[in-house]
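[1] Sequence first, predicted model second:
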There are 4 protein chains.
Amino acid sequence: MAEPAFRTREGATKTKKSNGNGARPAKGEDKRDRILRAAVRVFAKKGFHGARVAEVARAAGVADGTIYLYFKNKEDLLLQLFTDRLDHLLAECKKTLGGQPTPEERLRRIIELQLGLLEEHRDLAEVITVNIRQSKRILQTGTMPRFVEYLDTIAEVVAEGQAKGTIRKDVSPRVVARSLFGALDGLTLTWALGRAEPGGLTKAARQVADVFIEGLRVPAA
Amino acid sequence: MAEPAFRTREGATKTKKSNGNGARPAKGEDKRDRILRAAVRVFAKKGFHGARVAEVARAAGVADGTIYLYFKNKEDLLLQLFTDRLDHLLAECKKTLGGQPTPEERLRRIIELQLGLLEEHRDLAEVITVNIRQSKRILQTGTMPRFVEYLDTIAEVVAEGQAKGTIRKDVSPRVVARSLFGALDGLTLTWALGRAEPGGLTKAARQVADVFIEGLRVPAA
Amino acid sequence: MAEPAFRTREGATKTKKSNGNGARPAKGEDKRDRILRAAVRVFAKKGFHGARVAEVARAAGVADGTIYLYFKNKEDLLLQLFTDRLDHLLAECKKTLGGQPTPEERLRRIIELQLGLLEEHRDLAEVITVNIRQSKRILQTGTMPRFVEYLDTIAEVVAEGQAKGTIRKDVSPRVVARSLFGALDGLTLTWALGRAEPGGLTKAARQVADVFIEGLRVPAA
Amino acid sequence: MAEPAFRTREGATKTKKSNGNGARPAKGEDKRDRILRAAVRVFAKKGFHGARVAEVARAAGVADGTIYLYFKNKEDLLLQLFTDRLDHLLAECKKTLGGQPTPEERLRRIIELQLGLLEEHRDLAEVITVNIRQSKRILQTGTMPRFVEYLDTIAEVVAEGQAKGTIRKDVSPRVVARSLFGALDGLTLTWALGRAEPGGLTKAARQVADVFIEGLRVPAA
DNA sequence: AATGAATGAGAATTCATTCAT
DNA sequence: GATGAATGAATTCTCATTCAT
């Protein structure tokens, strides 16, 4: 998962080169990716508001104006950044969840995936945890369909467990999903802004998984 | 006076009981409070970066320059806002925790307190969840001693339970504290930015408490 | 000349305590002087525009508002400062010029006086050379009657020499006066902004005097 | 580009002959010059502190922000203005001094050049005499290498005369240089702020030259 | 007279965005 | 598509001055 297969605007799972025109690598897509990757770095270091568009451009090796050929404006750049990365996480989730036998295992897997992904990409971790809250507009759901989708994925797993009878029914799947994401988000934030010790998030993942899964289990008679 | 008297820091933990000169309310403290209260409202509505200092001033009924008599700059205003409010939360915690018989009950009480407080102050909820992440500088621990103190309070309760033998020892109190805060923070964020249904947070509080407390319980043999 | 006898508004030569109401030292005058002395220090250090009125107040040990009881505004403070100090210089000139037998000696004496005074008061030197040019309004002659008067004093000495036949008549006394003042001013500026070596100005005084006096002498047949 | 290309410094000594690409005038240099020319006018009229950057921009026919593409800040604009103009004066000096047979003639030529140049450019005269002292930072030598270089040029001429035996040795070339510049500066200031009669400075030039040159002559046995 | 908290006009500078090349 | 020079709106903070006490 080191080099995530970056998404295009249209499709979540396209591989890098297939842009439908055959041989030549899509110059445009290439540049869009370079900009997004530069944006992660710059936003992580300076924060969304602290980052200058010109810095992103320089980091991406393009001219200032070029950014506006691929993104409507600075905020759109941030939004597409999230969308892109969450698409990736969602795709991974979908791919791996099928393999897990029980809802509990699926939950554990989601936790491991999210924290694992961010542990490998500290910059991205900072962007996800910090920058997502820096644009009021982006925060309003609706602008963040991918985020909602991701929460829904978690909630569904919970609901499945409830349907199956292994997860207690007196908790709302959405509350659980939001709490869980919040818990992971908080851990990531502290980790990313602090020492970011290698393995720190992975270790935390197990503990959070244990607590949540145990806590969700239907109490024994 | 050239160097404006920053009356601020030392007044942070004072309870409102004036300044010891009896009848008249302390003019300074009074104005500082008005500014802080105005800031909560304006920051909640516009976000930290979206809010203009002049708007806060107008909302507080003071001149623009007056804000700089009490706060070093806009960011300091945000920082002191957090410090002030967290002080309040911490004081409430301390007051109420003594009355709880078990660590588990104390945990539940903390959860109820935090969500209860924020449910009553939606503006504050937005500021705490959103704005706290808008200033890179503030995020760096050390600038937020009160936040660290709050997490420590939670972690201590967990550690107590571990010492007493009722809470599982294979989880780090600090990880639990951070996760729990994250979970509550996430719920609050979603609530505050959405409908903010009355009772919504209180209802969630019970569920989160149940899950965490159950999840932390030492597994029955 | 170490502690110059400071002037009051009305009269140039009054000694410090005689304010006409007998015994008590004039509180007001006292404060005005403190402010002026503080202003010299602060203006010298920060320049006129760089100095805050509050700094002058603090340096003088008075409240900000007090300054406005004695001076119309910041610029007036600067203006009165010049007037006061030039009054002093003029008085010294008048006192000493009578004793000099020839116009040439009087010229030499003026040069020594001006540079001697400023050498003893480096702060004042900076203010005179630098700050006098910082307020457009003050620069316009008319607002600086004392300066004009000082130049006139020099010009008169030159005119005397011309009348007496010892000074060449093909130079304008006013041009000489202005050049001479400029020369002294330039030397002072460089001295004050640099090392300000003790004796530096005094030494320069002799040289400038020699050059000017020789240069003004009626050419031998 | 994030870091605006400060095209400034390197262009300072270039003579106007464009940028080597033949026909079209160098856009950048063109704009920089327009700004400098506008700055002279505005600074002369309002003084450095009284002038608003926006006024300079408007006078130059560029946007406010454009100024910051060519100059670090307002003070840098002033500094470069001096540097530019003094460069010109220095170049003229160098060009003309060679043609003068004696140090005395060279001195006279320098005086004529300086006053002549400023008489033709009253705005520049005001800026040089008044504004140069309005920025404390600029005054500190080292920030004004050109000024030091100019004084050195004068001092060298004096030293030459001393070596040749025609100028008295009991005066320091640097003191003479500083005095002479001060004298010219003072005359210019008075002229520029007053009527600025045509020919006024030129006429003064002769007198100052006569006085200084006579005054510097080795006394006849 | 003296104070100093409060005022609020004022200005430099930044930086997202555009558009002529 | 790509560029990057130019734009100019937007906003924090400063500080001279006032005036209620």
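    The structure has been received and is ready for your questions.

[2] I'd like to know which helix or strand in chain A has the lowest mean pLDDT.
    helix A:136-139 (a mean of 80; mean pLDDT, DSSP states H and E).

[3] who's in contact with it?
    Helix A:136-139 is contacted by residues A:75, A:78-79, A:82, A:132-133, A:143-144, B:46-47, B:50, B:130, B:189, B:193 when judged by CB atoms under 8 Å, 6 or more residues apart in numbering or on different chains. C-beta: built from backbone N, CA, C; applies to glycine.

[4] buried subset of the residues you listed?
    A:75, A:78-79, A:82, A:132-133, A:143-144, B:47, B:130, B:189, B:193 (16 or more other CB atoms under 10 Å in any protein chain shown).

[5] hmm, which two among those residues are most spread apart?
    Maximum pairwise distance in those, criterion CB to CB, is 18.8 Å, between A:Glu75 and B:Leu189.

[6] just checking, next helix/strand downstream of the least confident helix or strand of chain A?
    The C-terminal neighbour of helix A:136-139 among helices and strands, as given by DSSP states H and E, is helix A:145-164.

[7] now for the helix or strand just after that following helix, which elements pack on it?
    Tracing the chain past helix A:145-164, the next element assigned as helix or strand by DSSP H and E is helix A:173-193. Under the contact criterion of 3 or more CB pairs under 8 Å, 6 or more residues apart in numbering or on different chains; DSSP states H and E, helix A:173-193 touches helix A:103-120, helix A:122-129, helix A:145-164, helix A:200-216, helix B:173-193, helix B:200-216.

[8] Only the C-alpha atoms, please, for the second one, written as PDB.
    Written as PDB, here are the backbone C-alpha positions of helix A:122-129 (Å, rounded to 0.1, in the frame of the first residue of the first chain):
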ATOM      1  CA  ARG A 122       2.200  10.600   8.100                       C
ATOM      2  CA  ASP A 123       1.700  13.600   5.800                       C
ATOM      3  CA  LEU A 124      -1.700  12.200   4.800                       C
ATOM      4  CA  ALA A 125      -2.400  11.500   8.400                       C
ATOM      5  CA  GLU A 126      -1.900  15.200   9.300                       C
ATOM      6  CA  VAL A 127      -4.000  16.300   6.400                       C
ATOM      7  CA  ILE A 128      -6.900  14.000   7.200                       C
ATOM      8  CA  THR A 129      -6.900  14.800  10.900                       C
END
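
[9] Serialize the contacts of helix A:136-139 to CSV and add fields for distance to B:Pro103.
    Listed next are those as CSV, based on distance: CB to CB, whole Å:
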residue, distance to B:Pro103
A:Glu75, 45
A:Leu78, 41
A:Leu79, 43
A:Phe82, 38
A:Ile132, 33
A:Arg133, 32
A:Thr143, 41
A:Met144, 37
B:Lys46, 41
B:Gly47, 37
B:Gly50, 41
B:Val130, 31
B:Leu189, 27
B:Leu193, 32
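
[10] So A:Leu79 sits against A:Pro145, correct?
    No. Applying CB atoms under 8 Å as the test, A:Leu79 and A:Pro145 come out as separate, 10.4 Å apart.

[11] In chain A, which residue is most central in space?
    Centroid-nearest residue in chain A, with CA atoms, centre = their mean: A:Leu86, separated by 3.7 Å.

[12] Can the helix or strand harbouring that residue be said to contact DNA strand F?
    Element membership for A:Leu86 (DSSP H and E) is helix A:74-97. No. Helix A:74-97 does not reach DNA strand F (CB under 7 Å from any atom of the strand); its nearest approach is 12.8 Å.

[13] packing partners for that helix?
    helix A:27-46, helix A:53-60, helix A:103-120, helix A:122-129, helix A:136-139, helix A:145-164.

[14] which of the helices and strands packed on helix A:173-193 has the lowest average pLDDT?
    Among these, helix A:122-129 carries the lowest mean pLDDT, at a mean of 91.

[15] quick one: contacts of that one?
    Contacts for helix A:122-129 (CB under 8 Å, 6+ apart): A:40-41, A:43-45, A:81-82, A:85, A:117-119, A:185, A:188-189, A:191-193, A:196, B:133.

[16] how much does it deviate in direction from helix A:27-46?
    For helix A:122-129 against helix A:27-46, the angle by axes from the mean of the first three to the mean of the last three CA atoms, to 10 degrees is 80 degrees.

[17] Spell out which residues belonging to chain A are near DNA strand F, please.
    A:27-28, A:31, A:62-66, A:68-69.

[18] so which pair among the residues you listed is furthest apart in space?
    A:Lys27 and A:Asp64 (18.5 Å).

[19] And for the single nearest residue of chain A relative to chain D, the neighbour number?
    The nearest approach of chain A to chain D comes at A:Ala54, 3.3 Å away (CB to the nearest CB). If you count neighbours by other CB atoms under 10 Å in any protein chain shown, A:Ala54 ends up with 16.

[20] wouldn't it be in contact with A:Gly65 here?
    No. Between A:Ala54 and A:Gly65 there is no contact under CB under 8 Å: 10.3 Å.

[21] which of the residues of chain A next to DNA strand F are close to DNA strand E?
    Near DNA strand E, judged by CB under 7 Å from any atom of the strand, the entries from the residues of chain A next to DNA strand F are A:64-65, A:68.

[22] What subset of the residues you listed is buried?
    Buried among those by 16+ other CB under 10 Å: none.

[23] Mind checking which of these are in helices?
    The helices, defined by DSSP state H, take in A:64-65, A:68 from these.

[24] Kindly reformat those as a markdown table and extend each row with pLDDT.
    Below are those laid out as a markdown table (pLDDT from 0 to 100):
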| residue | pLDDT |
| --- | --- |
| A:Asp64 | 97 |
| A:Gly65 | 97 |
| A:Tyr68 | 97 |
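
[25] Tally up the residues packed near A:His49, please.
    Look at A:His49: counted by other CB under 10 Å, it has 18 neighbours.

[26] Relative to chain C, how far out is it?
    Using CB to the nearest CB, to the nearest Å, A:His49 is found at 31 Å from chain C.

[27] Could you measure from the residue in chain A positioned nearest to chain C over to DNA strand E?
    Nearest residue of chain A to chain C: A:Gly50, at 29.8 Å (CB to the nearest CB). Separation of A:Gly50 from DNA strand E (CB to the nearest atom of the strand, to the nearest Å) stands at 7 Å.

[28] Could you do A:Glu149 as well?
    Distance from A:Glu149 to DNA strand E, by CB to the nearest atom of the strand: 26 Å.

[29] quick one: contacts for the residue lying closest to that residue once chain neighbours are set aside?
    Leaving aside its sequence neighbours, A:Glu149 sits nearest to A:Leu90 (CB to CB, 6 or more residues apart in numbering or on different chains; 6.3 Å). Applying CB under 8 Å, 6+ apart, we find A:Leu90 in contact with A:12, A:146, A:149-150, A:153.
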